[in-house]
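Colleague: One predicted model, sequence on top.
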Amino acid sequence: MNQDNWWQQIAPASQVALTQIWVPIGTPGYAGPQKSNWQQTLDERFGPGAWRMSHYVRGRIVSKREALREYEQSYRLYLHSRPTLVDFLVNTCGNVYDDQVRNVYDEAYEQPHTPANHYQDIAIRRVIAELVDDITWPNVVATPVEEVDLIDLDNGQIHQLPRARGFRGQYLLQVRGAHSAGFMLNPAVVPVHDPALIITNPRQDGWYLHEGCQHLSVEAFWQMSKVVEVRYDRYLALQQARDNPLAGLVGS
């Protein structure tokens, strides 16, 4: 028995226990368009279902779903504190998107079909939809469920798209980089809602640390709180490769 095989020498019941223990193995940072490559690399290295992307939130490692609640809450409090911005959105825009116009069709935060995740447009739509039912926001009203022609503020192109709930304008707003019309809602601009969520990591130097609120933003929280967790039996099987279990991942 030695460091390379001890888990194969212990009692079968103890070996089974190792398949139910998860261990954090690194903070990978920003994936962006490399999302599918990351998934493929980790599937090949550990096996599908034997790794997961979790988040560090207030001293605990939690699920992606729980971290997304913090992400959305940041947008909620940001918009609630800026009625002029809300008025602009509901009066001027019919929908919002991130990197691709078809983002408007996504209602859930899970987007396995897209090259990169787009959370900001979903968060904005969800928050505005809530305000429709909030009597303290009389200027945000129900809108018909319909497809309409929307003019993209970034390039003037016209797209027939569903109108987001509460949005009664004629324009399509891209929420992305500094040159997009919706930069004022970029996740690097929106501050994280709770100071306890602010994280620093000298190994990371992503784009989100050079725009907007920088390390205080919801984007910085999202990227810097990522933690890859792996089933312990699959981690042990790496043997010498345990020294760099996230090798090959951009940003790791």
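Modeller: Here it is on my side, so go on.
Colleague: Surely Asn117 is in contact with Lys35?
Modeller: Yes - at 6.7 Å, Asn117 counts as touching Lys35 under the criterion of CB atoms under 8 Å. (Glycine included, C-beta is placed from N, CA and C.)
Colleague: Can you list the low-confidence ranges for this structure?
Modeller: The model of the chain has pLDDT under 70 over residues 9, 250-252.
Colleague: can you give me the helices in it?
Modeller: For the chain, the helices defined by DSSP state H cover 6-9, 12-18, 35-46, 64-80, 83-92, 120-132, 218-224, 232-236.
Colleague: Run through who's touching the last one.
Modeller: What that stands for is helix 232-236. The contact list for helix 232-236, computed with CB atoms under 8 Å, 6 or more residues apart in numbering, reads 7, 15, 18-19, 21-23, 25, 46-47, 50-51, 242, 245.
Colleague: just the residues you listed now: which is nearest Glu66?
Modeller: Nearest to Glu66 out of the contacts of helix 232-236 is Trp22 (CB to CB; 15.1 Å).
Colleague: Please name the nearest non-neighbouring residue to that closest one.
Modeller: Glu229 (4.6 Å; CB to CB, 6 or more residues apart in numbering).
Colleague: bridging residues for that neighbour?
Modeller: Beta bridges link Glu229 to Pro24, Arg52 when assigned by DSSP bridges.
Colleague: if I pick it, what's in contact with it?
Modeller: Trp22, Val23, Pro24, Ile25, Trp51, Arg52, Met53, Ser54, Ile61.
Colleague: make it 7 Å
Modeller: By CB atoms under 7 Å, 6 or more residues apart in numbering, Glu229 lies in contact with Trp22, Val23, Pro24, Trp51, Arg52, Ser54, Ile61.
Colleague: Same check on Pro187?
Modeller: Pro187 makes contact with Gln120, Ser217, Val218, Glu219, according to CB under 7 Å, 6+ apart.
Colleague: Pick out the most distant pair among the residues you listed.
Modeller: Largest separation among these by CB to CB: Gln120 and Ser217, giving 11.0 Å.
Colleague: if I read this right, Gln239 contacts Asp4, doesn't it?
Modeller: Yes - taking contacts as CB atoms under 7 Å, Gln239 lies within contact range of Asp4: 5.5 Å.
Colleague: Alpha carbons only: can I get stretch 158-168 in CSV?
Modeller: Only the C-alpha atoms of stretch 158-168 are listed here, as CSV (Å, rounded to 0.1, in the frame of the first residue of the first chain):
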residue,chain,number,x,y,z
ILE,A,158,-34.3,45.1,-37.3
HIS,A,159,-35.2,41.7,-35.7
GLN,A,160,-38.5,40.2,-35.1
LEU,A,161,-38.3,39.0,-31.5
PRO,A,162,-40.5,38.4,-28.5
ARG,A,163,-41.1,41.4,-26.3
ALA,A,164,-39.9,40.9,-22.8
ARG,A,165,-42.5,41.4,-20.0
GLY,A,166,-42.8,45.0,-19.0
PHE,A,167,-40.7,46.3,-21.9
ARG,A,168,-42.8,48.5,-24.2
